[in-house]
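Student: sequence first, predicted coordinates after that:
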Amino acid sequence: MLTVLAVFIILIIYDLQKFIRKKEPVRVFVLYFFFMAAGFTVSLLLAAGKRPYSPSQMIEAVFKMIGIVK
Amino acid sequence: MEKTRISSIQLFMLLSGFLFGSTVILAPAAGAKKDAWLAMIIGGAGGGLLMLVYAAIASLNPSKTLVDILREKMGYVIGNILAVLYIWYFIHLASLVFRDFGEFICTVTFPETPITVVIGFFALAFVYGVNGGVEVMGRMSELLVPVVPVVAFIISLSLITVSDFTAFLPILENGMPPVLNAAFSYITFPFGETVAFLMLFPHLNRKEKLKKTVIVSAIAATVLSIIIFFRDISVLGSELMSRATFISHLTALLFPGFNVDPLLDINLLIGGGVKSAVCVYAATRALSQVAGIEDFSKLTSAVTTFCVVLSVWEYNNVLEILDWTEKVWPYYAIPFQIIIPLVLLFLSLWRKNKPSKVKA
């Protein structure tokens, strides 16, 4: 978990300094932190051994419900 | 829009690298077993036609990316919704390529290394290429993609002494349905995935060469896949081939004298690198267009990080990937690869043929 935290902190600090220096619009920050937060949350859950329901499983479940996939 | 331009050769290399991509290690059309070559010919023809549809959309809407075309033809709101769905699709595709690459390397080459480390370093290496833009990607592929067929030919020719050239017989042992199913799978993987190139086609410097480039790359990819299939089946036989996970790896092990597995790794690194780079580029370009951000490279690292996490999150093991890719992927891909592009083509042709009010 600490490794995951360290990796994300390094990545964010590396990018954030560039964003602040170039005075990027808020949209960039919002989108950047959306993807980073999503990635970080899932990474922590995976590291904790609590794998959440994945998008592929959801897609498969929907297809099974419709009857496309048996 | 990004002002960079790529030549038709660079586009050909990018397309070919993309089409070789994961197919270098995962046998497409494997469902047809001995008749996979037939499925590849049918699927290759269908895939070529599908790629021509994408090229026609790009030709009818010059200098416009997929997001621009979606917004123009479907309206701003629906266009943006579809663009967001495409962004998801490209991210998902990139994560699948990452996972294929990671699984192969962790199963075959570095069994002790965690898959996250392998995928992470792989992603780190090509993020630089993607950040450089389409021109850098084009030049990189121009330099590296020619290695892929050379390696495939070297391995194929070296195994000629241990080959049984009747292994693919009898033809159509199980009838036509498995062949048609496999041909359809072959259209969606890898040909239909080139829909991501609708974000790159506007950068081609000579638009009149687009269709020719697309067709030649489709033919090249099909021919190479068929050669690899005949090599694998004549060396391994259909029974062993149908049970193997990484067929090319198993074939490479039979190379007399020394281990040529690193050559396969190089092929995968090049093909997978081009494919995931194109997907991440398409996703970030589309995302920056939807959000109104001028420079797409601001989001590259965030999107790539998410792709890496998604690739680890998606599946528990390689068998789950193969099962999902075979059963779910073709149907999941239909709207993105076939339905929406056909609607866009229809709308583009309709608007083109409709006389404008000024002329009337």
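Tutor: Received, thanks. Numbers count the residues shown, from 1 in each chain, chains lettered A, B, ... in the order given.

Student: quick one: the helix of greatest length in chain B to chain centroid distance?
Tutor: Ordering each helix of chain B by length in residues (DSSP state H) puts helix B:261-291 first. Distance of helix B:261-291 from the chain centroid (CA atoms, centre = their mean, to the nearest Å) equals 9 Å.

Student: what does stretch B:332-339 give?
Tutor: The chain centre lies 14 Å from the centre of stretch B:332-339; the measure is CA atoms, centre = their mean.

Student: what's in contact with that stretch?
Tutor: A:59, A:63, B:50, B:85-86, B:89, B:188-189, B:192-193, B:195 (CB atoms under 8 Å, 6 or more residues apart in numbering or on different chains). All C-beta spots, glycine's among them, are computed from the backbone N, C-alpha and C.

Student: Serialize these to JSON lines and add fields for pLDDT and neighbour count.
Tutor: Formatted as JSON lines, the contacts of stretch B:332-339 follow (pLDDT from 0 to 100; neighbours: other CB atoms under 10 Å in any protein chain shown):
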{"residue": "A:59", "pLDDT": "93", "neighbour count": "17"}
{"residue": "A:63", "pLDDT": "93", "neighbour count": "16"}
{"residue": "B:50", "pLDDT": "96", "neighbour count": "23"}
{"residue": "B:85", "pLDDT": "97", "neighbour count": "14"}
{"residue": "B:86", "pLDDT": "97", "neighbour count": "24"}
{"residue": "B:89", "pLDDT": "96", "neighbour count": "23"}
{"residue": "B:188", "pLDDT": "88", "neighbour count": "24"}
{"residue": "B:189", "pLDDT": "84", "neighbour count": "25"}
{"residue": "B:192", "pLDDT": "92", "neighbour count": "25"}
{"residue": "B:193", "pLDDT": "93", "neighbour count": "26"}
{"residue": "B:195", "pLDDT": "95", "neighbour count": "25"}
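
Student: tell me the one of the residues you listed nearest residue B:147?
Tutor: Proximity of these to residue B:147 (CB to CB) peaks at residue B:193, which lies at 21.4 Å.

Student: count of neighbours near residue 10?
Tutor: Looking at chain A here, since you left the chain open. Look at residue A:10: counted by other CB atoms under 10 Å in any protein chain shown, it has 10 neighbours.

Student: switch to chain B, that's the one I care about
Tutor: 25.

Student: likewise residue B:270?
Tutor: 23.

Student: contacting residues around it?
Tutor: Applying CB under 8 Å, 6+ apart, the residues near residue B:270 are B:17, B:20, B:144-145, B:147-148.

Student: re earlier: quick check: buried residues in the longest helix of chain B?
Tutor: Residues B:261, B:263-265, B:267-290 are the ones in helix B:261-291 that count as buried (16 or more other CB atoms under 10 Å in any protein chain shown).

Student: again, but for stretch B:50-67
Tutor: For stretch B:50-67, using 16+ other CB under 10 Å, the buried residues are B:50-58, B:60-61, B:64-67.

Student: for stretch B:225-232, same thing?
Tutor: Applying 16+ other CB under 10 Å to stretch B:225-232 flags B:225-226, B:228-232 as buried.

Student: same list (those residues) but as JSON lines, adding pLDDT and secondary structure.
Tutor: Shown next, in JSON lines, are the buried residues of stretch B:225-232 (pLDDT from 0 to 100; DSSP: H, G, I helix; E, B strand; the rest coil):
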{"residue": "B:225", "pLDDT": "91", "secondary structure": "helix"}
{"residue": "B:226", "pLDDT": "91", "secondary structure": "helix"}
{"residue": "B:228", "pLDDT": "88", "secondary structure": "helix"}
{"residue": "B:229", "pLDDT": "89", "secondary structure": "helix"}
{"residue": "B:230", "pLDDT": "88", "secondary structure": "helix"}
{"residue": "B:231", "pLDDT": "87", "secondary structure": "helix"}
{"residue": "B:232", "pLDDT": "87", "secondary structure": "helix"}
